[in-house]
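> Provided below are the primary sequence and the corresponding predicted coordinates.
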Amino acid sequence: MSNPLVSLQDLSVQFCGNRRANALNEVNIELGAGEVLGLLGESGSGKTVSLLAVMGLITDPNATIEGSIRYKGRELVGLPARELRRLRGNEIAMIFQDPLSAMHPFYTVGHQIIEAYRIHNKVSTKAAREHAIDMLARVGIPQAAQRVDDYPHQFSGGMRQRAMIAMALSCDPDLLIAS
């Protein structure tokens with residue numbers, strides 16, 4: 001592929017504590033714009049670690065990442081945290097498997113979508129709130145204008161998952177990762 005959207009080349013991730021654990025060993029993946037890729041494997045085979053590596057969310061000080069992760073030709077391995085944050089949520093977004101643990105329990109669902117949207121877009125709080133309501137409605141949350149002020153624990157499991165999808169899609173990312 002001449003210009004992949006994302007490319008993992010010889011990606012290896014190791015965790016060194018009392019003993020060394022190879023979570024990934026020389027993984028190679030290329031994905032073009034508009035393509036869909038599914039990763040299959042047994043529990044513990046490295047699916048989530050590879051996704052977290054792409055997102056720049058492996059923060060364990062005992063982790064070693066080797067190889068290359070390129071997004072739109074830009075190397076992500078070793079990119080400063082500040083630059084990764086600019087990409088994360090804006091151009092690259094992730095829908096986490098467990099939305100209850102991924103969403104903050106002390107903030108409303110709407111507040112979390114609004115905050116994520118405003119970080120990457122220069123809009124008023126009112127405009128961001130309208131966008132959050134629209135996104136919740138688009139993913140099938142009934143009475144989105146009222147539910148935007150609910151807390152994650154007030155949503156059913158399926159509704160929390162849809163709210164996570166709304167948050168991930170709110171900035172119209174080029175790369176969407178679902179764990």
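That came in fine, so what should we check first? Numbering: from 1, shown residues only.
> drop to CA atoms for contacts and neighbour counts, all remaining ones
Fine.
> ok, residues contacting the worst-scoring helix or strand of the chain on mean pLDDT?
Ranked by mean pLDDT, DSSP states H and E, the weakest helix or strand in the chain is helix 99-102, scoring a mean of 80. Contacts to helix 99-102, defined as Cα atoms under 8 Å, 6 or more residues apart in numbering, come from residues 96, 152-153, 157, 160-161, 164.
> now do 7 Å
The contact list for helix 99-102 (Cα atoms under 7 Å, 6 or more residues apart in numbering) reads 96, 152, 160-161, 164.
> Quickly find the element holding the residue positioned nearest the centre of the chain.
Closest residue to the average C-alpha location of the chain: Met94 at 2.0 Å, with Cα atoms, centre = their mean. Counting by DSSP states H and E, the element that carries Met94 is strand 92-95.
> If you count contacts, what does that strand end up packed against?
On a contact count with 3 or more Cα pairs under 7 Å, 6 or more residues apart in numbering; DSSP states H and E, strand 92-95 meets helix 157-169, strand 175-178.
> one step back: export the contacts of helix 99-102 to JSON lines and tack on pLDDT?
Formatted as JSON lines, the contacts of helix 99-102 follow (pLDDT from 0 to 100):
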{"residue": "Phe96", "pLDDT": "87"}
{"residue": "Pro152", "pLDDT": "94"}
{"residue": "Arg160", "pLDDT": "94"}
{"residue": "Gln161", "pLDDT": "94"}
{"residue": "Met164", "pLDDT": "94"}
